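Peer 1: How does the following fold in three dimensions:
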Amino acid sequence: MYNNSQYPQGYHSGYPQYQQGYENYNYQTYGQTYTPASNVATQPVPPGDGFTATNWTTTTTPTTSSDNYTTVKTDAVVKEMEQQKAQLTKQREEYVRKVSVLRRELDQLRLQKTQLMGSSKSSDRDISNILKENDKLQSEIQGKMKAIQNVIEMLSSIIKDGKSVADLEASLNEVANAHENAWTATPEKKPF
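Peer 2: You can find the predicted model right below:
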């Protein structure tokens, strides 16, 4: 195996603990393999004191293919996929809500900009500073919206339900309007 005589006499390593060689290690049985009987799963017992690779004992269990096991396994996989899809759908709904909030803020900034441009009550310098800030905020919101819409499209491609961002926003608005109509339609309880 490892031969210390390959080094010239007088050679001293910076690591003397590694010059001892590998003579003390028992590598004679290295490379021997155990071949189990066919159709039987084997598991070797870990070696301990007095055990070598040639006298290991094995425990054998016959392998069985159970249709019940595969059915349970496929059912579990299907259930896990449904849970993941539901979680991704919920996540996508949250992102659609964020986009709708950002769209409202962007609309408010645009309205504010048109009002400021039509107003001549303040000084031109003040208005130009406000308009610059307005433009900056609009561009930031548009960047956020674009990033969120990309995430929504990615989630939609994973979910594969065929809904676009516009469809999702429309359904969110319908739900919000129905909720608002139900809230206003309920009679208020007045104290006597």
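Peer 1: Which residues in stretch 143-152 does the neighbour count mark as buried?
Peer 2: Neighbour-count burial for stretch 143-152 flags M145, I148, Q149, I152 (criterion: 16 or more other C-beta atoms under 10 Å). C-beta here means a position set from N, CA and C on the backbone, and glycine is covered the same way.
Peer 1: whoops, I mixed them up, stretch 82-97
Peer 2: Buried residues in stretch 82-97 (16+ other C-beta under 10 Å): T89, R92, E93, Y95, V96.
Peer 1: go on, stretch 156-166?
Peer 2: S156, I159, K163, V165.
Peer 1: now, which of the residues you listed sits nearest N181?
Peer 2: Nearest to N181 among the buried residues of stretch 156-166 is K163, at 23.5 Å by C-beta to C-beta.
Peer 1: roughly how far apart are the nearest residue to that closest one once chain neighbours are set aside and A86?
Peer 2: Closest residue in space to K163, ignoring its immediate chain neighbours: S156 at 6.1 Å, by C-beta to C-beta, 6 or more residues apart in numbering. Distance of S156 to A86, given as C-beta to C-beta, to the nearest Å: 14 Å.
Peer 1: Which residues does stretch 100-114 contact?
Peer 2: 131, 134-135, 137-138, 141-142, 144-145, 148, 169, 172-173 (C-beta atoms under 8 Å, 6 or more residues apart in numbering).
Peer 1: For S139, give me its contacts.
Peer 2: If a contact means C-beta under 8 Å, 6+ apart, then S139 has no contacts.
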